[in-house]
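>>> Quick one, structure for this:
(chains A, B and C, ligands or ions: 1)
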Amino acid sequence: MKVSLPVAMGAALLLTGSAVTGLRGQAPMTFIVESPTMTTGRFMPRDYSPDGRNLSPPLTWSGLPAGTRQLAVISQDYGAGRPPPWVHWIIYNIPGDAGGLPEGIPFDPDHPMPPEIAGAVQGNNGWGLPAYRGPAPPLGSVHHYHFAVFALDEELDLPPGLDRRELLLAIEGHVIGQGDMVPLYERQPMNQFPR
Amino acid sequence: MTTQLRGTDVVIVGMGAAGGVAALPLAEAGLSVVGLEAGTWLDQRDFAPDEIRNNYRDWPMLVKKAEQERPTSRATSATRANQIGGHPMMNAVGGTTLHYWAQSWRLNPWDFQVVTETTARYGASRIPYGSTVEDWPFGYDELEPYYDRVEREVGISGQAGNVRGRINSRGNRFEGPRERDFPMPPLRWTAFHDRMAEAARSLGWSPFPGPAAINSEAYQNRPGCGYHGFCNKGGCPINAKNATHITTIPRAVDTGNLTVITRAHVTTLEVGSDGRVTGVNYVVGSNEYFQPAQVVLVASYTYENVRMLLLSKSRAYPDGLSNNHGQVGRHYFSHHQGAGVGAFFPYDLNSWYGLPAQGVAVDDWADDNFDHADLGFIGGGNLWIMSDRRPISAANMGTYGQSRNWGSAWKRFIHENSDRTHGSYIQKTTLPYEDNYLDLDPTVTDPLGLPVIRITGQFKDNERAIAGFMQDKMEDWYREAGAIEINRGGLGNTMGASTHAYGGTRMGDDPETNVVDRWGFSHEAPNLGVLGASVMGTSGARNPTLTSQALAWRTAAHLVESWRDIAE
Amino acid sequence: MTDSNGRRPAISRRDLLRTAGAAGAAALVPGAVAAATEVTPATASPEVAGQGPVGSALPAETAPFVARALTNLTAREAEILSAMVDRLIPSDEMGPGALDAGVLRYIDRALSEAESDAADAYRAGLAALDTYSRYTRGGPFIDLSTVDQDSVLIDVQIGAATGAGVGFVGGSGSFFNMVKSHTWQGMFGDPEYGGNVNFAGWDLLDYPGVRLGVSPQDQRDLEAGQLEPVRRSAYDYGMFE
Ligand SMILES: Cc1cc2nc3c(=O)[nH]c(=O)nc-3n(C[C@H](O)[C@H](O)[C@H](O)COP(=O)(O)OP(=O)(O)OC[C@H]3O[C@@H](n4cnc5c(N)ncnc54)[C@H](O)[C@@H]3O)c2cc1C
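Numbering: from 1, shown residues only, chains lettered A, B, ... in the order given. Below you'll find the predicted structure:
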């Protein structure tokens, strides 16, 4: 299935829309966020949703600002939530030298993080769970899923379980770069799946 | 085929908190009284400390009438009414006092004179827009002797704060003057209660133990409380909770003048051509009976009191009994008991054994005990810290974002924290309003085919403002005692079916705005009396039952004194 | 007329329930004879109760109980439900889980008694859980890894498993909440109902047990962490029906 995205939107989507300001009030620089399995403006695979295995998707980033010590990721949908956005995933304390996130970060706090992102912890999403939970928009509607990545100038030792507001407060003043990718999703009726 | 029974002096419909108390002075005065009760007798053998039965399966009582006629509710007349939630009132001899929490408060003097007091202190404009609140037809002093009597007859434990004007700071210094101390000392406190009281004092507040219809020591040949922890929606296995089925009702039966008929479901009252009530119709299973009486007292709880009157249409009362002024069902309100606050502590509270009536109260933010000049509301709330924990509910505690609420991580969390949460109970002034009322639901019926009550009611700005204000105070209190997490409930909107339902047959001197007079008798049908909180025009910031019982005693005493005038 | 006046008649509540329950059951389930609510005597240990004909210890009318329980939950449904409650409260280093504590038996019995209205919701919900597992994780629920089972259950809990064609009635979240609520009752409720075997639930909470009286000294002992737990069902006190 293909959906063409207005060109202007691609640029706008680079901004997270969050209220985070950078170091000394400067606008943070932007960097590239990509995924081996997802593309901005295209539908993401159903295994990243409850129509499939509901794994967290892999992300990669490049061109981080010099001095990046740590990263944080928020995945959110501005078309849902009261008030928006609805938060699908929050993960932070990600080591600054990690080139991205592998697929399928454990949703259970008892299971260890993959070694390349040792120390990372997850915050509470809109369902109050410290885990990734993928898109489940109402049947028949296409939603945009922002994966916003923040480059931080310091190794913050934040406790697990922060919600979006708490995380944004905690990283305020430490954000030296931001990147973003925005795949889409539309729910698929189960009875059209192969069993 | 209706069986006509032999006449009696007085019929009381409902042998609960109010009816069960009124029976005693009538029977003692030698009047022959028939108590018609929809439920059955229950006793200690039925009161197993069993959380599944009490709190999850809602008591396998033998009659579940209240549950089958749950009122529908809606916020405003523009919306559809639905039956939401259960309705935990009891159908048994003793009524809801069998499994209630038994906090047994007097109202404070301000509650009797909200209009006069508010106008004098802040100006008439401070009565909330659309409220139909009136002063009671009498003040606290008039009811004091009946409070005093009922506290002894039923058996209330507590700490006096004001005995004939002498303030005792161990009790509630804001309470109205009482003639004497309580007949029993207050229920004991635990270390957590001490800690909360200490925290209240360091905030500059005045904590005190609340009053309870529970024996703190042996009283009337029954033992003191066992603190077993199953009092909330459970009956007392050792008869230390002073429900009317073991206090006033058996004493009335022992006079030989009270006959209790169980499983008797009263449907309507009959009226003669002179507008006087002639008796009541009731059914037992599929058998129908008519019980003639000189005087009828309805005491079947607010919703059923109103429903019974509205269903009893006659030539004299085409819109329902005593409703020729259109006041039956008006001035309805239910206590704003929502908008709670929860707290999570870093230490065990040791509250497995206790009861909701065992607690620390703070009245500093109730009624008009503080200056409202710069506040956007009148009234306030009573803050109440109680002991109440049982295993299933403890295991259902929120995890404050620390864990999913199931699985292995949760097992570790709950093992550590099952005794570390607390939920507050905050009762708040709630006022009657023009557009909050009860009537008959146009579509929903009970198993007899009779319409159920429809509640049209909404907590208004004044109530919501109080709720937010009280949540702030409660949070301060918890934090002072070391709470590390706090959560708050919503401020409230639609009034659902409530265990503290007031009005609908309001008491007052003016027949244009009230159903019953200052004695609890109908302005229209002189031999009809109404018992229960349906006669109350204000709630105060505390539970209704003791006030309902004091009023019931007063109505009964008046009937005895004025028998000729009322009955003949 | 009726049991008027005096105190209650000398007929036990359990007798009445037995009669009422039997009549109700017979009306609903043709051929189901007299298998009423709660016929287990208070003296029967939870391990014995409900595990089939156990001879003279139980009244004769207990015998059909198991057969009827099995008609509430088919073997297949019982398998799926077992796998589900085993993830909700697993057996692990913290101690016994829901299965060890007899939660399945609790739910089975509840479905024949107080929760009989829920039988359809169980039937539909368990089938939907399985369908959802097959569609999304490629196999029946019981064959998934525990990680995938948990992932499925999270999606069921948050109401995300409600794709068209799966068959949850009224949202997957309400099915989850119902099962969770019954599981908690079975784990932490009185053992009389067939769950909380060996007081596993109460031990997990450090709940010191059902007592009829708690003295000031008991309370102080509790506060000092020195109150010995009482291991009794309420019905072991012999004074309740
Ligand atoms: C869980 C719970 C906790 C509570 N805790 C407290 C507390 O701590 N303090 C407090 O002050 N209040 C408390 N309450 C409220 C208290 O129970 C009521 O205020 C009180 O019982 C009302 O008294 P009543 O006589 O009007 O009604 P009830 O006590 O309910 O009695 C009404 C009786 O009438 C019978 N009846 C009803 N309809 C008919 C009919 N048509 N024919 C014949 N009989 C009928 C009923 O079976 C019942 O026995 C609590 C309520 C609940 C449910």
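
>>> And the strands in the stretch 101-250 of chain B?
Ranges of strands in the stretch 101-250 of chain B, per DSSP state E, counting those that start in this stretch, are B:162-163, B:166-167, B:207-209.

>>> what do you get for chain A?
A:29-30, A:32-34, A:59-62, A:70-77, A:86-95, A:100-101, A:121-122, A:142-144, A:146-152, A:175-181, A:184-186 (DSSP state E).

>>> of all those, which lies closest to the ligand?
Among these, the nearest to the ligand by CB to the nearest ligand atom is strand A:86-95 (37.3 Å). (C-beta placed from N, C-alpha, C; glycine too.)

>>> Within its sheet, name the partner strands of the closest one and how each one runs.
According to DSSP bridges, strand A:86-95 forms sheet pairs with strand A:70-77 (antiparallel), strand A:121-122 (antiparallel).

>>> Redo the ones you listed as CSV? Include mean pLDDT.
Formatted as CSV, those follow (pLDDT from 0 to 100):
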stretch, mean pLDDT
strand A:70-77, 98
strand A:121-122, 96
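
>>> contacting residues for whichever residue of chain A sits closest to chain B?
Closest to chain B within chain A is residue A:161: 4.8 Å, counting by CB to the nearest CB. Contact analysis of residue A:161 by CB atoms under 8 Å, 6 or more residues apart in numbering or on different chains lists A:121, A:122, A:123, A:124, A:130, B:401, B:402.

>>> Most neighbours among those residues, which one?
Within these, residue A:123 tops the neighbour count with 27 neighbours, counted by other CB atoms under 10 Å in any protein chain shown.

>>> Thought residue A:166 was touching that one, still the case?
Yes - in this structure residue A:123 lies within contact range of residue A:166 using CB atoms under 8 Å: 7.5 Å.

>>> need the residues of the stretch 251-400 of chain B near chain C, please.
When proximity is defined by CB under 8 Å from any CB of the partner chain, the stretch 251-400 of chain B lies next to chain C at B:253, B:259-264, B:284, B:350, B:352-353, B:391-392, B:394-396.

>>> and which of those residues is nearest residue C:236?
Nearest to residue C:236 among those is residue B:391, at 16.1 Å by CB to CB.

>>> one step back: apart from its chain neighbours, what residue comes closest to the residue of chain A closest to chain B?
Computed as CB to CB, 6 or more residues apart in numbering or on different chains, the closest residue to residue A:161 that is not its neighbour in sequence is residue B:401, at 4.8 Å.

>>> my guess is that neighbour meets residue A:128, correct?
Yes - proximity of residue B:401 to residue A:128 meets the contact threshold set by CB under 8 Å, at 6.3 Å.

>>> roughly how far apart are residue B:482 and residue B:343?
Using CB to CB, to the nearest Å, we find residue B:482 at a distance of 9 Å from residue B:343.

>>> Which of the two has more residues huddled nearby?
The neighbour count for residue B:482 versus residue B:343, taken as other CB under 10 Å, is higher for residue B:343 (24 against 12).

>>> picking up where we left off before, could you dump the strands of chain A to JSON lines with distance to residue B:299?
Putting those into JSON lines (distance: least, CB to CB, whole Å) gives the following:
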{"stretch": "strand A:29-30", "distance to residue B:299": "74"}
{"stretch": "strand A:32-34", "distance to residue B:299": "71"}
{"stretch": "strand A:59-62", "distance to residue B:299": "69"}
{"stretch": "strand A:70-77", "distance to residue B:299": "56"}
{"stretch": "strand A:86-95", "distance to residue B:299": "51"}
{"stretch": "strand A:100-101", "distance to residue B:299": "67"}
{"stretch": "strand A:121-122", "distance to residue B:299": "58"}
{"stretch": "strand A:142-144", "distance to residue B:299": "57"}
{"stretch": "strand A:146-152", "distance to residue B:299": "62"}
{"stretch": "strand A:175-181", "distance to residue B:299": "67"}
{"stretch": "strand A:184-186", "distance to residue B:299": "60"}
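
>>> With residue B:335 as the reference, name the closest of those strands.
Across the strands of chain A, closest to residue B:335 is strand A:86-95 (CB to CB), at 35.5 Å.

>>> picking that back up, could you look over the strands paired with strand A:86-95 and pick the most buried one?
Most buried of the strands paired with strand A:86-95, by mean neighbour count (mean count of other CB atoms under 10 Å in any protein chain shown): strand A:70-77, with a mean of 25.

>>> For it, what is the distance to the chain centroid?
Distance of strand A:70-77 from its chain centroid, counting by CA atoms, centre = their mean, to the nearest Å, is 4 Å.

>>> ok, and what's touching that strand?
Counting by CB under 8 Å, 6+ apart, A:16, A:18, A:59, A:61, A:64, A:84-96, A:98, A:101, A:132, A:135, A:137, A:143-152, A:154-156, A:164, A:167, A:171 sit against strand A:70-77.

>>> From the residues you listed, keep the buried residues only.
For the contacts of strand A:70-77, a burial check counting by 16 or more other CB atoms under 10 Å in any protein chain shown picks out A:16, A:18, A:59, A:61, A:64, A:85-94, A:98, A:101, A:132, A:135, A:137, A:143-152, A:164, A:167, A:171.

>>> quick revisit: who touches both of residue A:123 and residue A:166?
By CB under 8 Å, 6+ apart, no residue touches both residue A:123 and residue A:166.

>>> So in chain A, which helix runs the longest?
In chain A, taking DSSP state H as the definition, the longest helix is helix A:164-171.

>>> what mean pLDDT does that helix have?
The average pLDDT within helix A:164-171 is 97.

>>> hmm, who's touching it?
Contact partners of helix A:164-171, identified using CB under 8 Å, 6+ apart, comprise A:18-20, A:72, A:74, A:76, A:85, A:87, A:90, A:92, A:123, A:150, A:152, A:156, A:158, A:162.

>>> That helix versus strand A:86-95: what angle between them?
Helix A:164-171 runs at 30 degrees relative to strand A:86-95, counting by axes from the mean of the first three to the mean of the last three CA atoms, to 10 degrees.

>>> chain center to helix A:164-171, what's the gap?
That offset, for helix A:164-171, works out to 14 Å (CA atoms, centre = their mean).

>>> cool, and stretch B:143-158?
Chain-centre distance of stretch B:143-158: 16 Å, with CA atoms, centre = their mean.

>>> just stretch B:54-72 next, same as before
Relative to the mean C-alpha coordinate of its chain, stretch B:54-72 is positioned 17 Å out (CA atoms, centre = their mean).

>>> quick one: low-confidence parts of the chain?
In the absence of a named chain, chain A is used. The model of chain A has pLDDT under 70 over residues A:1-26, A:191-195.

>>> let's do chain C instead
Counting by pLDDT under 70, chain C shows low-confidence ranges at C:1-71, C:163-165.

>>> that older thread, among the strands of the stretch 101-250 of chain B, which comes closest to residue A:188?
Ranking those by proximity to residue A:188 (CB to CB) places strand B:207-209 first, at 59.0 Å.

>>> Is that closest one positioned near chain C?
No - taking CB under 8 Å from any CB as the criterion, strand B:207-209 and chain C are apart, separated by no less than 14.8 Å.

>>> For that strand, which outside residues touch it?
B:158-159, B:161, B:170-172, B:186-187, B:189, B:193, B:196-197, B:200-201, B:359-363.

>>> do that again at 7 Å, thanks
Strand B:207-209 has contacts (CB atoms under 7 Å, 6 or more residues apart in numbering or on different chains) with B:158-159, B:161, B:170-172, B:186-187, B:189, B:197, B:200-201, B:360-362.

>>> which among those residues end up buried?
By neighbour count, with 16+ other CB under 10 Å, the contacts of strand B:207-209 hold B:158-159, B:161, B:171-172, B:186-187, B:189, B:197, B:200, B:360-362 as buried.

>>> Hmm, residue B:240 is touching residue B:223, no?
Yes - using CB atoms under 7 Å, residue B:240 makes contact with residue B:223 at a distance of 5.6 Å.
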